[in-house]
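K.L.:
Fold the following.
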Amino acid sequence: MRMGTSAPAWHFVIAMAMAMASETFQEVPVAALGERLAALRLCEAPALEAVRRSLDRHGQMTAVVGFAASESIELIDGFKRMRAARALGWPTLRTKVVEVDVVDAKAMLPALHDARGLTELEEGWLVRSLHRDHGLLQATIAQRLGRHKSWVSRRLMLVEALDAAVQADVRLGLLAPRAAVALGQLPRGNQHASAGIVIRRGLTVRQTELLVSELLECADEAARAARLARYAEGPGPAARPGVRATRATRAEADGLAADLRTMLQLSGRLQARLLATPLDAHGAGASEVLAAGLRDLEPVLDALARSIHQALSTGRAVA
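P.N.:
Here you go, the predicted structure:
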């Protein structure tokens, strides 16, 4: 289990070990495998297709994990394998059945996915389920998951502040989880409209973060609405024929978005400092060095301004 800033509750670690030690393996009918815990996980279409191809080519190499419920074996790990097996028409899946209840099963999720880790949203869904559905205190959840109470609080705030429609977009594979986390910084009333822009225009995570940063800098709700309207009116990627969002072009777009954010931050900070303190207030020697640096910067900024103008006039930048 990945550790936070607090040690895990050893009684729960021991209980987990005992549950795993008492596990049994069964060939369980696919139709009898339950998905009650599937709401806590993401199942993106490309990953599901990759699992389906692997099962079709190599067979089942790893058992799914479940626990005995009243009328079924409820899955804890292996939802993609179960859905792929269902698509392939398999009658059964090799299943590791552990002796835990539903609360312990949910608490096992991070440990069972320690190699790749859960996304922040999945962690938030888990924390919310333990807190809202089972009435566990945040301190108890932190102890069960081996995390600090502040981590639990942040994850709970994340999902409860995030618009339900945006979370649905993530579940449908329309929006990257990290993009949704970025959108969660916005007022709830702006999140759905912003998500629609991100989806329609195919923005990367970094571009989404840049959009969020710009919206947060708006003075009021009217300014944010105007900024969103400007973004919404621009053409989406599909409106530019011949352009395909390959991994290489997306990586370049991510880099450009990061540079834009850095320039915006540095430019604002530099301007504020220049206006706040005259150069000669730094002393003779320091003011000469600073003046020389500013003189060197002027032609660079002039050239950048021309490049920006050219990019905007040829339609190569976001409208």
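K.L.:
When you work out contacts or count neighbours from here on, use the C-alpha atoms and nothing else.
P.N.:
Fine.
K.L.:
quick one: residue 90 from residue 79, how far?
P.N.:
With distances taken as C-alpha to C-alpha, to the nearest Å, residue 90 is found 14 Å from residue 79.
K.L.:
Compare the two (neighbour count), which wins?
P.N.:
The neighbour comparison of residue 90 against residue 79 (other C-alpha atoms under 10 Å) goes to residue 79, with 21 against 15.
K.L.:
number of nearby residues for the residue nearest to that one when sequence neighbours are not counted?
P.N.:
Spatial nearest neighbour of residue 79, excluding adjacent residues (C-alpha to C-alpha, 6 or more residues apart in numbering): residue 38 at 6.9 Å. Each residue near residue 38 was counted by other C-alpha under 10 Å, and the total is 16.
K.L.:
Just to be sure, residue 38 is in a strand?
P.N.:
No: assignment of residue 38 by DSSP: H, G, I helix; E, B strand; the rest coil gives helix, placing it outside any strand.
K.L.:
What's the separation between it and residue 47?
P.N.:
15 Å.
K.L.:
Most distant residue from the centre of this structure?
P.N.:
Farthest-out residue of the chain from its mean C-alpha position, per C-alpha atoms, centre = their mean: residue 284, at 50.0 Å.
K.L.:
Tell me the predicted confidence for that one.
P.N.:
At residue 284, the model reports a pLDDT of 73.
K.L.:
Spit out the contact partners of it.
P.N.:
If a contact means C-alpha atoms under 8 Å, 6 or more residues apart in numbering, then residue 284 has no contacts.
K.L.:
how near is it to residue 290?
P.N.:
Here residue 284 is placed at a distance of 10 Å from residue 290 (C-alpha to C-alpha).
K.L.:
Check residue 191 too.
P.N.:
Taken as C-alpha to C-alpha, the span from residue 191 to residue 290 is 42 Å.
K.L.:
Neighbour count for the two, which is higher?
P.N.:
Counted by other C-alpha under 10 Å, residue 191 and residue 290 do not tie: residue 191 has more neighbours, with 23 against 14.
K.L.:
Determine whether the claim that the more buried one is in a strand is correct.
P.N.:
No: under three-state DSSP, residue 191 falls outside any strand and is assigned helix.
K.L.:
Go ahead and confirm it touches residue 184.
P.N.:
Yes: using C-alpha atoms under 8 Å, residue 191 makes contact with residue 184 at a distance of 6.9 Å.
K.L.:
what residues are shared contacts of those two?
P.N.:
Both residue 191 and residue 184 are contacted by 162-163, under the criterion C-alpha under 8 Å, 6+ apart.
K.L.:
Now do the contacts for the nearest residue to residue 33 once chain neighbours are set aside.
P.N.:
Nearest non-adjacent residue to residue 33, counting by C-alpha to C-alpha, 6+ apart: residue 73, 5.1 Å away. By C-alpha under 8 Å, 6+ apart, the residues touching residue 73 are 28, 32-34, 66-67, 97.
K.L.:
Tell me the bridge partners for residue 73.
P.N.:
For residue 73, the beta-bridge partners are residue 33, residue 68 (DSSP bridges).
K.L.:
Could you measure from it over to residue 222?
P.N.:
52 Å.
K.L.:
wait, doesn't residue 209 sit right on residue 179?
P.N.:
Yes: taking C-alpha under 8 Å as the definition, residue 209 is a contact partner of residue 179 at 7.2 Å.
K.L.:
returning to what we had before: check the contacts of residue 73 against residue 277 and report the nearest one.
P.N.:
Nearest to residue 277 among those is residue 66, at 65.3 Å by C-alpha to C-alpha.
K.L.:
ok, that closest one to residue 92 distance?
P.N.:
For residue 66, the distance to residue 92 equals 14 Å [C-alpha to C-alpha].
K.L.:
swap in residue 197?
P.N.:
On the measure of C-alpha to C-alpha, residue 197 and residue 92 end up 43 Å apart.
K.L.:
Check residue 61 too.
P.N.:
In terms of C-alpha to C-alpha, residue 61 sits 14 Å off from residue 92.
K.L.:
These two - which one has more neighbours?
P.N.:
Taking other C-alpha under 10 Å, residue 61 and residue 92 do not tie; residue 92 has more neighbours (17 against 9).
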